[in-house]
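Trainee: I'll drop the sequence and a predicted model, then ask my questions.
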Amino acid sequence: MKPTAINEFLLQKYHIQLPYQRIYRARRIIQEINEGSYSKFYARLPAYDGLVLEKNLGSKFIIEYESRQEHELDTVDPVFLRVFICFCACARDFLKGCTPFLGIDGCHLKGRYDGVLLSAISVDGNKGLFPVAYTVVEVECKESWLFFLNHLHDVIDPEDTKRLLNFMSDKQKGLADVEFEINAIKSMDTTIYEWLIKDPKKLWARHAFDVGPKSEYITNNMTYSFNQWISAIRTKPILTLIDALRLKLMDRMYHKFHKGQSFYGTITPMVRKKLIKIQETSRDCISHGGADDEFEVIELGGRREMFHPLDDLADLREDGPIYGVVQSPRLRRIQGRPQKSRRKDPDEALNGESSQRSTSLRCSKCNMVSHNKRKCKRPPMKDKRASSSQTVGVKVALNSIYSSLVFSCLLAAAIVGIALNRTVLILNSDVKDLELLGLNPDFTLLIMLLFALHLETGTLGCQNV
């Protein structure tokens, strides 16, 4: 809490107001009680050095002192200048499983004695931050950077000449110095200046770069993330700062170890996602092998377009940008009930019928195919059926044939009755009288019905004629 915030708290809580310097001194005393003394902790660094090297074999803890001895016989205590720290676990894991990339940067400390913390940050196999080494120096200068880089070189296995690394740093101030020197050369001799700038500036130091190491990282964001990660301890005393950073690294590596035990196979999840994405993209490519490690890849042009989602259609306006409000088209209605089903061809099957029809559908009204009389929309055609005179003639001919058959039956019955001299009695007697005469009643009734039918048919035929 800042002194101004403490003063406001005291004013609101206890209604007292103290001078700024008094609150500042009181806060510093409380910080020394809780976190330790800023000055006395420098004297404990050598003992802390031995403790770290005892518990973490192979680590680097190098302290550099500033000697204020003016003469050889003077006995003056050494003054702290710089310290380099690299734990053995960080160095080995970087060499075994991290990306061959190091981002170097520094951040200012906010304690009583200020200082700058320089760090070297790499990227692990799962695209996470991996601190390799760090150092606390007095200021960010050439000597302090050489102290840090020389010890870092000793840590990352200098005997392995085949190892290729990529370094990235913030060279903004260095570039500003280069521009200043170029302007100075221009003011001295324009000929040298023109010879110097005839080539692009990015080619001036190309001879010093190796074409072997390559990396996909083009920014130094991992160092900025690291500086933000330790922002809460940048105000602590030197010993508290170094030990708090050790605890943060230890917790980070512990959680990464347990998280790595849940990984399947040797490929990390982030790399697996990247490989899946590359595999999906490779579907648009065709490869032709040329050698064991050489392929010719042809990228196809398909599968590049996609449908993009639209906004809510309820927000659409009804007024057009040019012609105004667009109206609906004119309604067209055909005479009759609207047709709901599709009009089928003659060779298609109707609903519920077989696809093979014996005869085509023909309208009895217009004599056309593909519809019936109920769905016909054309005027009726002229009837070409036979005339009424021809129809009456056919009926008369049929009645004559039928009358002839009936008359033949009656004639046969009459001949039988005459032969027996009982014809009149048959026509004018009852059934009991016929039985007395010795005739069969059933046969006699059949003759009478045939005779009555003949008379009725003959009357109808005469009327039709």
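Mentor: Arrived safely, thanks for sending.

Trainee: show me where the chain has its strands.
Mentor: Using DSSP state E, the strands of the chain run over 60-66, 79-86, 101-108, 116-123, 129-137, 166-169, 285-289, 295-299.

Trainee: what's in contact with the fourth one?
Mentor: Residues outside strand 116-123 that contact it (Cβ atoms under 8 Å, 6 or more residues apart in numbering) are 94, 98-99, 101-109, 129-140, 144-145, 148, 152, 217, 222-223, 226-227, 230, 234, 241. All C-beta atoms are positioned from the backbone trio N, CA, C, and that covers glycine.

Trainee: coming back round to it: got a markdown table for the strands of the chain, with mean pLDDT and mean neighbour count too?
Mentor: Formatted as a markdown table, these follow (pLDDT from 0 to 100; neighbours: other Cβ atoms under 10 Å):
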| stretch | mean pLDDT | mean neighbour count |
| --- | --- | --- |
| strand 60-66 | 90 | 16 |
| strand 79-86 | 92 | 19 |
| strand 101-108 | 90 | 20 |
| strand 116-123 | 92 | 22 |
| strand 129-137 | 92 | 22 |
| strand 166-169 | 84 | 16 |
| strand 285-289 | 82 | 10 |
| strand 295-299 | 79 | 10 |
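
Trainee: can I get those strands in TSV including distance to residue 30?
Mentor: Formatted as TSV, the strands of the chain follow (distance: least, Cβ to Cβ, whole Å):
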stretch	distance to residue 30
strand 60-66	29
strand 79-86	24
strand 101-108	24
strand 116-123	25
strand 129-137	24
strand 166-169	39
strand 285-289	66
strand 295-299	66
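
Trainee: can you tell which of those strands is closest to residue 408?
Mentor: Judged by Cβ to Cβ, the one of these that comes nearest to residue 408 is strand 285-289, at 100.3 Å.

Trainee: for that closest one, which strands pair with it and how are they oriented?
Mentor: strand 295-299 (antiparallel) (DSSP bridges).

Trainee: could I get the partner strand in CSV with only the CA atoms?
Mentor: The C-alpha trace of strand 295-299 is given here as CSV (Å, rounded to 0.1, in the frame of the first residue of the first chain):
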residue,chain,number,x,y,z
PHE,A,295,8.9,-34.2,-52.3
GLU,A,296,7.1,-32.0,-54.8
VAL,A,297,3.8,-30.7,-53.4
ILE,A,298,1.0,-29.4,-55.5
GLU,A,299,-1.7,-27.4,-53.8
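
Trainee: tell me which of the strands of the chain sits nearest to residue 313.
Mentor: So among these, strand 295-299 is nearest, using Cβ to Cβ, at 37.3 Å.

Trainee: which residues are contacting the closest one?
Mentor: If you take Cβ under 8 Å, 6+ apart as the criterion, strand 295-299 is touched by 284-290.

Trainee: do stretch 216-223 as well
Mentor: Applying Cβ under 8 Å, 6+ apart, the external contacts of stretch 216-223 come out as 99, 101, 103-105, 119, 121-123, 129, 166, 168-170.

Trainee: so what would you say the end-to-end distance of that stretch is?
Mentor: End-to-end distance of stretch 216-223 (Cα to Cα, to the nearest Å): 16 Å.

Trainee: oh, and call the first residue 39 from now on, that's how I've got it
Mentor: All set: I'll call the first residue 39, so the last point we hit is now stretch 254-261.

Trainee: now do the buried residues in that stretch.
Mentor: Within stretch 254-261, the residues that qualify as buried are 258, 260-261, counting by 16 or more other Cβ atoms under 10 Å.

Trainee: of those, the lowest pLDDT goes to which?
Mentor: Scanning those for pLDDT, the low point is residue 258. It has 81.

Trainee: just the helices in the chain please.
Mentor: Counting by DSSP state H, the chain has helices at residues 41-51, 58-73, 83-93, 126-135, 180-193, 210-226, 228-235, 259-267, 276-299, 307-319, 426-457, 461-466, 469-475, 479-502.

Trainee: what is the neighbour count of residue 253?
Mentor: For residue 253, the neighbour count with other Cβ atoms under 10 Å is 15.

Trainee: for it, phi and psi?
Mentor: phi -150, psi 150 (degrees, to the nearest 10).

Trainee: quick one: contacts for the residue lying closest to it once chain neighbours are set aside?
Mentor: Of all residues not flanking residue 253 in the chain, residue 204 sits nearest, at 4.2 Å (Cβ to Cβ, 6 or more residues apart in numbering). Shown in contact with residue 204 (Cβ under 8 Å, 6+ apart): 138-140, 251-253, 255.

Trainee: quick one: low-confidence ranges for the stretch 289-438 of the chain?
Mentor: Residue ranges of the stretch 289-438 of the chain with pLDDT under 70: 339-345, 358-362, 366, 376, 384-397, 418-438.

Trainee: can you check the stretch 89-238 of the chain too?
Mentor: Short version for the stretch 89-238 of the chain, where the test is pLDDT under 70: 106-113, 196-199, 209-215.

Trainee: how much space between residue 220 and residue 230?
Mentor: For residue 220, the distance to residue 230 (Cβ to Cβ, to the nearest Å) stands at 10 Å.

Trainee: same drill for the two, tell me which one is more crowded.
Mentor: Using other Cβ under 10 Å, the more surrounded residue of residue 220 and residue 230 is residue 220, with 14 against 11.

Trainee: got the confidence number for the closest residue to residue 44 other than its chain neighbours?
Mentor: Leaving aside its chain neighbours, residue 44 sits nearest to residue 61 (5.2 Å; criterion: Cβ to Cβ, 6+ apart). Per-residue pLDDT puts residue 61 at 87.
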